[in-house]
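# Just the structure for this:
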Amino acid sequence: QLQLVESGGGLVQPGGSLRLSCAASGFTLDQYSIGWFRQRLGKEREGISCDSYSGSRWLDDSVKDRFTISRDSAKNTVFLQMSSLGPEDTANYYCAAHQATGYAYACWDPDEYDIWGQGALVTVSV
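Take a look at the predicted model:
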């Protein structure tokens, strides 16, 4: 069974940091691109970062100076390091996998992804 499991969410004070992990099981990430998405209360799911199987990375402007995406192939895991968190970052965070096809794709578009994790709640509050 192909699965992604997120971990690392929780409650953090404004200005704090968290690291989310996205571990794959049942498949290896080498031929997949991974996207990170978040869904804030009452809002649509939005793409915030992606790490392509080819090595390219993207970060949305809203997180570009605060978040970092990385991949550890040995652990079959992708990470999202988040710093300088603010209340606006409170959301359910999801990782998702897009199998490499050799064609360009819109890595910020949830419809491009086939495998989804269950989500990790991040709450930024005093």
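# mind listing what Gly15 touches?
84-86 (C-beta atoms under 8 Å, 6 or more residues apart in numbering). Where C-beta positions appear, they are placed from N, C-alpha and C, glycine not excepted.
# now swap in Leu2 and tell me
24-27, 97, 115.
# The same query, at a cut-off of 10 Å, please.
Leu2 makes contact with 24-27, 32, 97, 99, 114-115, according to C-beta atoms under 10 Å, 6 or more residues apart in numbering.
# neighbour-wise, which of the contacts of Gly15 leads?
Leu85 (22 neighbours; other C-beta atoms under 10 Å).
# Which parts of this structure are strands?
When assigned using DSSP state E, the strands of the chain occupy the ranges 3-7, 10-12, 18-25, 32-39, 46-51, 57-59, 67-72, 77-82, 91-99, 115-116, 120-124.
# The first one pairs with which strands, and in what direction?
In this case it means strand 3-7. strand 18-25 (antiparallel) (DSSP bridges).
# starting at the chain centroid, how far to the strand it pairs with?
Relative to the mean C-alpha coordinate of its chain, strand 18-25 is positioned 8 Å out (C-alpha atoms, centre = their mean, to the nearest Å).
# okay, it in CSV with CA atoms only?
Taking Å, rounded to 0.1, in the frame of the first residue of the first chain, the C-alpha atoms of strand 18-25 are listed here in CSV:
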residue,chain,number,x,y,z
LEU,A,18,8.6,23.3,13.8
ARG,A,19,9.8,20.7,11.4
LEU,A,20,7.2,18.5,9.6
SER,A,21,8.2,15.1,8.3
CYS,A,22,6.6,13.2,5.4
ALA,A,23,7.6,9.6,5.4
ALA,A,24,6.8,7.4,2.4
SER,A,25,6.0,3.7,2.7
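# That strand vs strand 91-99, what angle?
40 degrees (axes from the mean of the first three to the mean of the last three C-alpha atoms, to 10 degrees).
# Just the buried positions in strand 18-25, please.
Across strand 18-25, burial judged by 16 or more other C-beta atoms under 10 Å covers 18, 20-24.
# Okay, buried residues for stretch 43-50 please.
45, 47-50.
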